[in-house]
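J.: Structure here, sequence nowhere to be found:
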């Protein structure tokens, strides 16, 4: 039983190919499939079911379409496009959209253009790094000569302090 099961793997597509277009299947494969079908009861039943299905499909006749189908479909589509939106949120959004598109353009459009211009300037300026908002003030870099002189000066002060301490110790 298991040997027959292993031989049946992939046989479904070969049976369909053999049934639909026997000339397209190579002769060696066709002979192999036919010998397998002759030996296997499961594949014989599968091939019989496929043949019965194909015969039933051959007897089916396509119904004639209604000649007014396309005109009714166009009318229905037009009605759906022109129908008011369902739901309170959809109606509110449609009203707002109509107000912006067809409403008092003398007030809304210039304000929208000005707001867009400001947003573009701010966004572009920030992108290019023109604004100084996020940059901290950095002190000017000291040159090496100035740094060395400051170091010597602080050393001189320390030496003076040490000398004064040693002089005070000697007086006591």
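T.: Right, received. Where do you want to start? Predicted model only: the values in this text are computed from it and were never measured.

J.: residues contacting residue 58?
T.: Going by Cβ atoms under 8 Å, 6 or more residues apart in numbering, residue 58 touches no other residue. All C-beta atoms are positioned from the backbone trio N, CA, C, and that covers glycine.

J.: Quickly find the element holding it.
T.: Using DSSP states H and E, the element containing residue 58 is helix 41-59.

J.: Now do the same for residue 56: its pLDDT.
T.: On pLDDT, residue 56 comes in at 90.

J.: got the buried residues for whichever strand or helix holds residue 98?
T.: For residue 98, the element it lies in under DSSP H and E is helix 88-102. By 16 or more other Cβ atoms under 10 Å, helix 88-102 has no buried positions at all.

J.: oh, and call the first residue 205 from now on, that's how I've got it
T.: Fine by me, first position is 205 from now on; the one you just mentioned is helix 292-306.

J.: Packing partners of that helix?
T.: Helix 292-306 sits against no helix or strand, with contacts defined as 3 or more Cβ pairs under 8 Å, 6 or more residues apart in numbering; DSSP states H and E.

J.: Now it: average pLDDT?
T.: 79.

J.: Starting from it, tell me the next helix or strand along the chain.
T.: helix 309-332.

J.: Could you tell me the model confidence score at residue 334?
T.: The model's pLDDT for residue 334 equals 59.
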